[in-house]
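Model the following, please.
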Amino acid sequence: MLALRKLAVGETRLVLQDLPDPEPRSGHVVIDVAAAGICGTDVHIRHDEYRSDPPVTLGHEVAGTIAALGDGVEGWRVGQRVTTETYFSVCGRCEHCRTGRPNLCARRRSIGSFEDGGFAARLLVPATNLHALPDTLAFPEAALVEPLACVVRGLIELNRLDAGDRVALTGPGPIGLLALQVAKAAGARTVMLGTAADAARLELAARLGADGVLTVEAADDLPATVTGMLGGPPEVVIECSGAAPAAAMLLSLVKKAGRFVQVGLYGKPIALDMDQVCYKELQVSGSFATAPSSWPRALALAGSGAVSLAAIVGATFPLREWERAFEAVAARIPGKVLLLP
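Take a look at the predicted model:
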């Protein structure tokens, strides 16, 4: 089978390699990968801005059908439509594993970074990681359950969004557009902020229900403009872009005693005026990937239509055209770019 792989640390070149199909092992399943999303993390891994253990096949946002069952696997059948959690293995014994936070396990090995991932025709994963897909989700959109679960983790499980909350978000990429929809589903009033290069993405945010969209270059007085759109200063700000200027802007926009929620990754240290956290008595929170509890909530939001994953599908490419796909990501096209292995 063909697989898109990072071969060595320090090497930004990705390579298509022909590998043997994975064999099912005890407690595991093999998935025929129908769709796999390109995450910002994949770009960071390519450039050594996120830890990985090459040679390794990239890709962790996956949907497909079960191709083979290993010994001892029960409750699943060949041909069943599934998505999968990303942790190939964790220690199971540390404080974090035992309290439902395997994402924080120091021995965590995830697909796409430390174990072979979904940018390949077939993928081996533990059967305990599987989630059945509702019939309402086609495969490209079903691959977006994983990023939606990440948003659920950051916005619902680790924070509380209430009806009527005034929310400003930065970064109208796939994560930002999912965060926008989750905030709207909670009853919040929202403004999505971006740069002039995000014009097409901001149009999509407007179609997805944002109460206001704004390019920061277009505002003579950004705080006044955002306050006017929301009916007051934002009580919650959500940074999804992974851009340092966006984080600084949100620290200046959020009201006193408000909440700053970090979702995007920067890939490197950044400088911020953290005195604002003290001066404004802000609550600051971050989230990393998902917990097992995030997935049923994400599937419920997507299955009910409260969050539209189909609207986030931007472009799809066959695996052999992976370079065009990564170029589409760099070009900031609206929505998620996916490979169809």
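
Tell me if I am right that Pro147 is in a helix.
Yes. According to DSSP: H, G, I helix; E, B strand; the rest coil, Pro147 belongs to a helix.

And it, how far from Leu222?
Counting by C-beta to C-beta, to the nearest Å, the gap from Pro147 to Leu222 is 28 Å. Glycine gets a C-beta too; all of them are placed from N, C-alpha and C.

So Leu169, which state does it fall into?
Leu169, by the three-state scheme (three-state DSSP), is strand.

what are the bridge partners for it, then?
Beta bridges link Leu169 to Met192, Ile238, judged by DSSP bridges.

and Gly10, how many neighbours does it have?
By other C-beta atoms under 10 Å, 6 other residues sit near Gly10.

before we move on, the earlier item: more neighbours, Pro147 and Leu222?
Shown here are Pro147 and Leu222; by other C-beta under 10 Å, Pro147 has more neighbours (27 against 17).

State the pLDDT value of the more buried one.
We have a pLDDT of 98 for Pro147.

Likewise for Thr128?
97.

Lys268 too?
89.

Tell me how many other residues surround the residue nearest to it when sequence neighbours are not counted.
Nearest residue to Lys268, sequence neighbours excluded (C-beta to C-beta, 6 or more residues apart in numbering): Glu49, at 6.4 Å. Under the neighbour criterion other C-beta under 10 Å, Glu49 is assigned a count of 14.

Does Glu49 touch Pro269 like I think?
No. Counting by C-beta atoms under 8 Å, Pro269 is not a contact partner of Glu49; they are 11.1 Å apart.

quick one on the thing from earlier: how about the contacts made by the residue nearest to Lys268?
Taking C-beta atoms under 8 Å, 6 or more residues apart in numbering, we find Glu49 in contact with 43, 267-268.

Check whether Thr190 really touches Asp211, as I assumed.
Yes. Counting by C-beta under 8 Å, Thr190 touches Asp211, with 5.4 Å between them.

Comparing the two, which shows the higher neighbour count?
Counted by other C-beta under 10 Å, Thr190 and Asp211 do not tie: Thr190 has more neighbours, with 28 against 17.
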